[in-house]
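Colleague: Build me a structure from this.
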Amino acid sequence: MRTNQNDRAISWILLPWICLWTASLWCAAAEIQIEINDPEGAALPCRVRFADESGQFHSPVGAPVWNGGFICKGTAVLQVPEGRCRYVIERGPEWTTAEGEVLVSEEAQKVSVELKRLTNLRTEHWYGGDLHVHRAIEEMAMHLEAEDLAVASVQSWWNESNPWKLKQPGDLVRTTAGRSFHVLSGEDERGGGALLYHLMDRTVDITGSEREWPPSTRFLHEAKERNAWVELEKPFWWDTPLWLSTGKVDSIGLAHNHMNRREVLGNEAWGRPRDSERYPGIHGNGLYTQDLYYKILNSGFRMPPSAGSASGVLPNPVGYNRVYVHTGDAFEWDSWWEGLRAGRCFVTNGPLLRLTANGQVPGEVFNSESPLKLRIEGKLDSRDAIDRVELIHNGNIRQIELPTDIELEESGWFLVRAITDVKETFRFASTAPWYVEIGGKPMPPNREAATFFLKWAKERRANVAEAISDPDRKRELIDIHDRGIDFWKDIQSQAPNPWPVVSRVDAQPLLLLMDRLVEAMETLGEPLDAEIVDVLDGLRELEDDATICEAIQELFDSRCLLAIEAHSKSGLRLVPGQGTPKLFDNGWRNFLIKVTGIP
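Modeller: Residues are numbered from 1 along each chain as shown. Here you go, the predicted model:
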């Protein structure tokens, strides 16, 4: 019986192999040679996607492959089944794309393709980089050539793996034919989001870390002690307000890996979710990302945008999301990073947006004693049609045509973005900001932006307190988040025209007033969220008037359209609120107004 059972098992295992072998004989293979040249006839490194009639992708033996595509140095030999095959050949956004079909027969065939330059940004001293790459180090020189990329930062260690614990990787910066990449970058990706650490000469050992422990700021400080460049990988990560409060973040990922060639990831992963009504659809994540960056700038930070594709983890090729840096007369590794720090850059996953304001590239600080007149002009090249070009000034957005003339009367910042009409993903370009100081004074923090991040920081603190059970760990984490909250309170206090906050009133009449508000909103057809009602009910159990007063203001201040502060001597002061002043056609809407009095 045992022998028979084994015989049956062997037959069951061998049968699929025999069928597969028979099918492979039936589907004959043919040889295809691909040659890609530039207009001068020289072999051109590039990326190729070659698919047969069934949609199966094919690649040469030993070629670096990702998401169906392979890279080559300009020639490749494939073994493919007979039939009609399709190919797409690309080399980054500065080159045209070649697409076509070939009918494969038994005889060896050749496909010859010429790619042409759309433009050459190196001649304008712009050099592109991808700062989020998860590809094998031994492949990187070829990736930079195939994608026409000048700089890359390879995340070779992270929370799950650190191959450099017991050894060093040799040369940290490796340069081939004027293209350079760093091999010792890392990523700390946990409960609060992800930080990227660039330019390190040795790693920070973060292996074995838990979702919330040790605190991400502990590794952040350690990395900074080793002169790391710290990048906030996406601005919607939950710990964004905390990380900003440390003063140790160098750049922010504006063109990030949720933006893929054929799609945008539909949510913010485990980050702070966007309001899907305000940021709907495929472009929602990208516009939310940019609005968060604008709020960071409005809070007083001067921080350049960056870009990364996460090729090797997400479907993007290396360099799909890239940041171009203006380096001056010559490209050097150090000058590229110096240019990025100065904000002489633009980010893109398609359009090539090279602009100047009064002849100056982004990052320039303009000083004027009177309203400043500026001429914005430059070049915009794109393989995709451009839907709109927009000027963003201190967070306010308006559509423009290039070139354009503007006049700014107050300190602050401005930048320009171009958004394509591509429907299946968010394809755009954005300059870094230019800055303006009127009368020698930089822009003060914006109250609405500071309040936004203060609320966010408090939400994150509450989430961490609920998630951690160990009392010692909770105490340390809460202390860290409290320091972050204090930072945003200080930023808020520096903002002009501050939102009126009442420190203490009698709690009982205030709670009765809230009861009337709940009833009124329900009667008007816009009932308050059940969570708000539950919090109000819980406040009745408290005895401290000041705590109740603060909690009620935290609940409702962000929903107010404006505040009216009544002074017995100076009259009324009106302060715009965070409530969205959105009206409905042929309808009506309720708004909250906060009224306070000062004797």
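Colleague: Can you check what pLDDT the model gives the closest residue to G308 other than its chain neighbours?
Modeller: Nearest non-adjacent residue to G308, counting by CB to CB, 6 or more residues apart in numbering: H132, 2.4 Å away. Every residue, glycine included, has its C-beta placed from N, CA and C. You'll see H132 listed with a pLDDT of 98.
Colleague: Which residues are in contact with H132?
Modeller: 153, 155, 187, 196, 233, 253, 256-257, 307-310, 321 (CB atoms under 8 Å, 6 or more residues apart in numbering).
Colleague: Would you mind checking which of the residues you listed is nearest to L402?
Modeller: Compare each of those with L402 using CB to CB and the shortest gap goes to A307, at 21.8 Å.
Colleague: Run a quick neighbour tally on the closest one.
Modeller: Residue neighbour count, defined by other CB atoms under 10 Å, stands at 29 for A307.
Colleague: Looking at the contacts of H132, which are in strands?
Modeller: Among these, DSSP state E puts S153, Q155, E187, L196, G253, A307 in strands.
Colleague: can you confirm K224 is in a strand?
Modeller: No - assigned with DSSP: H, G, I helix; E, B strand; the rest coil, K224 falls outside any strand and is helix.
Colleague: didn't it look like it was pressed against K248?
Modeller: Yes - counting by CB atoms under 8 Å, K224 sits close enough to K248 to count as a contact (5.0 Å).
Colleague: So which of these two has more stuff around it?
Modeller: For K224 versus K248, the count of surrounding residues by other CB under 10 Å is larger for K224: 18 against 15.
Colleague: any idea of the pLDDT on the more buried one?
Modeller: Model confidence at K224, expressed as pLDDT, equals 97.
Colleague: And G579, by the same measure?
Modeller: Per-residue confidence (pLDDT) for G579: 72.
Colleague: Apart from its chain neighbours, what residue comes closest to it?
Modeller: Going by CB to CB, 6+ apart, G579 has L561 as its nearest residue, at 4.1 Å.
Colleague: I'd assumed that neighbour was in a strand, is it?
Modeller: Yes - counting by three-state DSSP, L561 is located in a strand.
Colleague: Give me the neighbour count for the closest residue to T96 other than its chain neighbours.
Modeller: Leaving aside its chain neighbours, T96 sits nearest to K116 (4.9 Å; criterion: CB to CB, 6+ apart). Applying other CB under 10 Å, we find 9 residues neighbouring K116.
Colleague: follow-up on the earlier one: find the residues that touch each one of K224 and K248.
Modeller: Residues within reach of K224 and of K248 at once, by CB under 8 Å, 6+ apart, are V230.
Colleague: Break down this structure into its helices, ranges please.
Modeller: For the chain, applying DSSP state H gives helices covering 2-26, 140-146, 216-225, 240-245, 284-298, 333-341, 447-467, 471-494, 507-523, 530-539, 545-556.
Colleague: Can you list the buried residues in stretch 562-579?
Modeller: Buried residues in stretch 562-579, counted by 16 or more other CB atoms under 10 Å: L562, A563, E565, V575, G577, Q578, G579.
Colleague: List the contacts of the closest residue in space to the fourth one that isn't next to it in sequence.
Modeller: Right, the one you point to is V575. The spatial neighbour of V575 that comes closest, neighbours along the chain excluded (CB to CB, 6+ apart), is A563 at 4.4 Å. Taking CB under 8 Å, 6+ apart as the definition of contact, the neighbours of A563 are W499, P500, L574, V575, G577, I593, K594, V595, T596.
Colleague: could I get these as CSV with distance to F181?
Modeller: Formatted as CSV, those follow (distance: CB to CB, whole Å):
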residue, distance to F181
W499, 47
P500, 53
L574, 54
V575, 50
G577, 48
I593, 56
K594, 53
V595, 59
T596, 57
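Colleague: show me what contacts A152?
Modeller: A152 is in contact with G129, D130, L131, V133, M140, H143, L144, S180, F181, H182, V318, G319, counting by CB under 8 Å, 6+ apart.
Colleague: Closest to L536 out of those?
Modeller: When these are compared against L536 (criterion: CB to CB), the nearest one is L131, at 46.0 Å.
Colleague: burial count for that closest one?
Modeller: Look at L131: counted by other CB under 10 Å, it has 26 neighbours.
Colleague: Quick check, it in contact with S153.
Modeller: Yes - at 4.4 Å, L131 counts as touching S153 under the criterion of CB under 8 Å.
Colleague: any residues in contact with both of these two?
Modeller: S185, L196, H198, G308.
Colleague: now the second one: how far from P351?
Modeller: Distance of L196 to P351, computed by CB to CB, to the nearest Å: 24 Å.
Colleague: With the first one instead?
Modeller: Look at S185 and P351: by CB to CB, they are 27 Å apart.
Colleague: ok, those two, which is more surrounded?
Modeller: Between S185 and P351, S185 has the larger neighbour count (other CB under 10 Å), namely 26 against 22.
Colleague: Burial check on Q79, number of neighbours?
Modeller: Here the count is done by other CB under 10 Å, and Q79 has 11 residues near it.
Colleague: hey, what's the spatially closest residue to it that is not a sequence neighbour bridged with?
Modeller: Take Q79 and drop its neighbours on the chain: the residue closest to it by CB to CB, 6+ apart is A29, 4.7 Å away. In this entry, A29 is beta-bridged to P81, by DSSP bridges.
Colleague: so A29 makes contact with L78?
Modeller: No - taking CB under 8 Å as the contact criterion, A29 and L78 are not neighbours in contact, 9.3 Å apart.
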